[in-house]
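Asks: here is a sequence together with a model predicted from it:
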Amino acid sequence: MKLVILESYVMHPGDLDWSGLRALVDDTDEYVRTAYEEIAPRIGDAQLAVVNKCRIDEGVLARCPGLQWVGIIATGTDNLDLEACRRHGVKVANVPAYSTYSVAQMAFSLLLAVCQCPERQDRAVRDGYWQLQVPPGYGILPQVELYGKTFGVVGYGNIGRQAARIARAMGMKVLACTRTRRPADAAGGVEFVELPDLLAASDVVSLHCPATPATRGMMDAAALARMKPGAILLNTARGALVDEAAVAAALASGQLGWYAADAFAVEPLPMDSPLRTAPHTLFTPHVAWATGGALQRLMEITAQNLATFLQGHGQNIVNP
């Protein structure tokens, strides 16, 4: 069998260790920065493909009749047409929960940076300033204590639950809005509410749900208007959850206090995005998933997914 590894980008050379996959399939080709029009030609007659941010849809599948299995090196399946894969008999396996701790950690990295500005404080110290001597140009705002504040979690899967644990450890009250609840959630010290109530009561709203037809654009002008004036919105989930023009407008009016995000509707973030000129924003380039620990789990589970498929059954299949 032949395996093709396709990436649309790479963090740094060597970040992703493909040796576990190569040990399973001798005939392996790897491509970095694969554009959509290159996907089908590169897969060619291969039976197996591992993809990252590469769209697999009817157009690709029709040109790759030998394809039997696609491994996504991610949890989300936004970039694949699962129904088209099912029609063509292609099994798709994802990697659940590999980045749970890293993404929840990034949500709080962004939040703490908003609340205490350590990077700006560091620049001021290095430039010779101290405490109240720091000029306004550094953009250092009054520090915010999170203890006693309300943290709203939208989406209560693995990452949402971990974010809630961190918030509670910091002395915050936690509200959660979720489509499904597990019996075990009742013991977590979290209050479950509907989205409008969560938005109205939360000092910080953190998004942790997938992008689905029901959630795309959920944080629109109407939702932002329901939030506490000056509240902080965190998005380490999917850019499609947010109406970015509405967020920029809410920041400009002061209705929204801060927007800190690691995910955007279009990536890389376009130079003409209204978010770039909006006040009180903090951005990272969709890297919350890319800690060393998360990448190691990602590669290990991807190799397990392929090994179990080659053994005749398969694990983490999302389109059975």
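Replies: Yes, it's here.
Asks: hmm, Asn94 is touching Asn79, no?
Replies: No: contact criterion Cβ atoms under 8 Å: Asn94 and Asn79 do not qualify, at 10.9 Å. For every residue, glycine as well, the C-beta is placed using N, CA and C.
Asks: was I right to think Arg238 contacts Ala211?
Replies: Yes: if you go by Cβ under 8 Å, Arg238 and Ala211 touch, sitting 3.9 Å apart.
Asks: would you mind grabbing the residues shared as contacts by the two?
Replies: Both Arg238 and Ala211 are in contact with 76, 78, where contact means Cβ atoms under 8 Å, 6 or more residues apart in numbering.
Asks: what about these two, which has more around it?
Replies: Using other Cβ atoms under 10 Å, the more surrounded residue of Arg238 and Ala211 is Arg238, with 22 against 19.
Asks: residues in contact with that one?
Replies: 76, 78, 207, 209-211, 263.
Asks: who wins on neighbours among those?
Replies: Taking other Cβ under 10 Å to define a neighbour, the member of the contacts of Arg238 with the most is Leu207, carrying 26 neighbours.
Asks: can you show me the strands along this structure?
Replies: 2-7, 27-31, 48-52, 69-72, 91-93, 150-154, 173-177, 191-192, 204-207, 231-235, 256-261, 281-283 (DSSP state E).
Asks: same list (those strands) but as a markdown table, adding distance to Leu141 and mean pLDDT.
Replies: Converted to a markdown table, the strands of the chain look like this (distance: least, Cβ to Cβ, whole Å; pLDDT from 0 to 100):
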| stretch | distance to Leu141 | mean pLDDT |
| --- | --- | --- |
| strand 2-7 | 39 | 94 |
| strand 27-31 | 45 | 95 |
| strand 48-52 | 37 | 95 |
| strand 69-72 | 40 | 98 |
| strand 91-93 | 45 | 98 |
| strand 150-154 | 20 | 98 |
| strand 173-177 | 23 | 97 |
| strand 191-192 | 29 | 95 |
| strand 204-207 | 15 | 99 |
| strand 231-235 | 12 | 98 |
| strand 256-261 | 9 | 98 |
| strand 281-283 | 12 | 98 |
